[in-house]
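# let me see the structure of the following:
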Amino acid sequence: MNPTQRIQLIKLRSVARGMLSRIQNFIEAGDQKLNDIQVRCNKLPGIFNRYDIAQSELELSDDTDHTGDRELFESQYYQVEAKFSEFLHPVMDPPSRCSSQGAACQVTEITLFCHIQVAHTLSYQPLHCQLSKVTHIAGYISDTHLRH
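Alright, predicted model coming up:
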């Protein structure tokens, strides 16, 4: 591999790694607005693609082993992606005030995020629904009626 080309690919890979680190710092800072989180989450696939293009070229054309760098990047990437998923799609425990003794809980509004794939781009779009009735019985939710 041409030394100039190798340096260029390493720089491109570093730029992608820096972008991911800045997004990770943002998400770890906490207390962000949902729209800010969503915008940055939408950038993740592009960052991964930038890194993957440069890294793959290095792995195919250079005699040096670059797999350790890929492992570090992918580990960081998937941690960031999981954190975004936690914020955008929280899994909530049933409220403690609901019990199996017949007490009912009522939820008045929920925001669902639907996966929409268009031309190989994954994005999340909010879908606002009104729940007319939710009954919580012994850890299960039943009799749910959604209105869009």
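# now the strands: where do they sit in the chain?
Along the chain, counting by DSSP state E, strands occupy 109-118, 121-131, 135-137, 140-142, 146-147.
# what mean pLDDT would you report for the third one?
It refers to strand 135-137. Averaged across strand 135-137, pLDDT comes to 40.
# likewise the last one?
This predicted structure assigns strand 146-147 an average pLDDT of 40.
# ok, the fourth one next?
The average of the pLDDT scores along strand 140-142 is 42.
# and residue 17, what does it touch?
51, 73, 76 (C-beta atoms under 8 Å, 6 or more residues apart in numbering). (Glycine included, C-beta is placed from N, CA and C.)
# of the residues you listed, which is the nearest to residue 3?
Residue 3 lies nearest to residue 51 out of the contacts of residue 17, by C-beta to C-beta, at 21.0 Å.
# could you count how many residues lie near that closest one?
Per other C-beta atoms under 10 Å, the neighbour tally for residue 51 reads 23.
# nearest to residue 8, of the contacts of residue 17?
residue 51 (14.2 Å).
# surely the closest one meets residue 18?
No: using C-beta atoms under 8 Å, residue 51 is not in contact with residue 18; the gap is 10.3 Å.
# what's the domain layout of this protein?
The chain breaks down by automatic domain parsing into domains covering 3-88, 92-148.
# sorry, back to before: now, which of the contacts of residue 17 lie within helices?
Secondary structure from DSSP state H places 51, 73, 76 of the contacts of residue 17 in helices.
# for those residues, which one is nearest residue 26?
The closest of the ones in helices among the contacts of residue 17, once distances to residue 26 are taken by C-beta to C-beta, is residue 76, at 13.6 Å.
# confidence score at that closest one?
98.
# surely it is in contact with residue 22?
No: using C-beta under 8 Å, residue 76 is not in contact with residue 22; the gap is 11.8 Å.
# who has more neighbours out of the two?
residue 76 (15 against 12).
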